[in-house]
Each structure stands twice: as C-alpha cells, then as structure tokens.
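Student: need a structure here:
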Amino acid sequence: MNKDIIRVIISEIEKEINNLNLLRDELSKLSKEESSIFKRTAGSILHDFYNCCERIFKNIAIEINGGFEENEKWHKALLFKMTIPIKDIRPAVISEELAAELDEYLSFRHVFRNIYGFELKGNRVDHLVEKFDSVASRFIKEIKKFLEFLNKELEDN
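Tutor: You can find the predicted model right below:
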C-alpha cells in the first residue's frame, strides 16, 4: 500500500472517531424523557452514528479493498465485508459480533430516513440509546486495532 494513502486513511478514520466522540457527548447530555422531541433528537444522533461507521467502512473499501458494488443492498454488504480478512491485504476491520450490533443501527437509519420524526414510536429508539455507549466503545476499540495495522504498514513499507 502507498504510504501517502495510508496516512490519509488514518487521518480520515481518526477524524471520524472524533466525530463519534462528539455524538457520544451529545447523546449523554440529552434528557432521557419520554417525548417525541427526545426520540427525534436521539434518532438523529443514532442516524449520524451509523453514518460515521459507514464512512469509515467506505473509505477502507475504496482505498484498501479496491472498491465496492453499489447495488440495492450495498449498505449491508459493506458492513459484513468489514468482518472478512482479505489475504495479503488487510485483517478483518470489525468482529462479526460487532457487525451484528451495528446492523441494528443500519436498519434504524433506514427507517429514520423514511418516516417523519413524529412517527418514531415504541422502544426501538430507547433500546438503541441504551446500547449506544457500549456499541460505540466497542466500535472505537476495534477500529483502533485496525489503525494499529495501518500504522504497522507505514513502518514496514
């Protein structure tokens, strides 16, 4: 891999980790009351969380994997391709367990984009908010492990 490309990827991933930490901070400041305003605001943060994850995955897919197919189910395919190590190219980016957790946020993002905020009902938002800090922490931990791989590639090249 080209050292300059690796440096750019590392910088972009680090920027997204900073963005994710801002989202964690915003969500922690929200009053967890049972209201449509809470659901709308929390829903927006959960939406942004998955966007952040997907930006990292797209960057890796384009710059390291050589691209990805944008078909009807590319979002889910991209997520699960990040669990697969590619021989002589890269290790798995995230674990299968984390991918399963993130899949819930991907599904929610699809719903959030396609309904009015006042239509957010039930416990889905509450459930994802409850798990958010744990899932975000695991995501950061696993992405930092991938960053270690990239930094080692810089040293070895």
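Student: check the offset of stretch 21-41 from the chain's centre.
Tutor: The offset between the C-alpha centroid of stretch 21-41 and the centroid of the whole chain comes to 18 Å, using C-alpha atoms, centre = their mean, to the nearest Å.
Student: same thing with stretch 56-65?
Tutor: Relative to the chain's own centre, stretch 56-65 is displaced by 13 Å; criterion: C-alpha atoms, centre = their mean.
Student: which parts of the protein are helices?
Tutor: Across the chain, reading from the start of the chain, the helices by DSSP state H fall at 3-29, 36-60, 74-81, 96-114, 124-156.
Student: just put those in TSV and tack on mean neighbour count and distance to G66.
Tutor: Quick note: C-beta positions are derived from backbone N, CA and C, even for glycine. Written out in TSV, the entries for the helices of the chain read as follows (neighbours: other C-beta atoms under 10 Å; distance: least, C-beta to C-beta, whole Å):
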stretch	mean neighbour count	distance to G66
helix 3-29	14	12
helix 36-60	19	11
helix 74-81	17	12
helix 96-114	16	20
helix 124-156	15	16
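Student: format these as TSV; extra columns: distance to D88 and mean pLDDT.
Tutor: Conversion of those to TSV gives the following (distance: least, C-beta to C-beta, whole Å; pLDDT from 0 to 100):
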stretch	distance to D88	mean pLDDT
helix 3-29	15	96
helix 36-60	16	95
helix 74-81	16	95
helix 96-114	21	95
helix 124-156	12	95
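Student: now V93. Nearest residue, chain neighbours left out?
Tutor: Closest residue to V93 apart from its sequence neighbours, by C-beta to C-beta, 6 or more residues apart in numbering: M82 at 4.1 Å.
Student: need phi/psi at that neighbour.
Tutor: phi -70, psi -10 (degrees, to the nearest 10).
Student: E33 now?
Tutor: The main-chain torsion angles of E33 are listed as degrees, to the nearest 10 and equal phi -90, psi 160.
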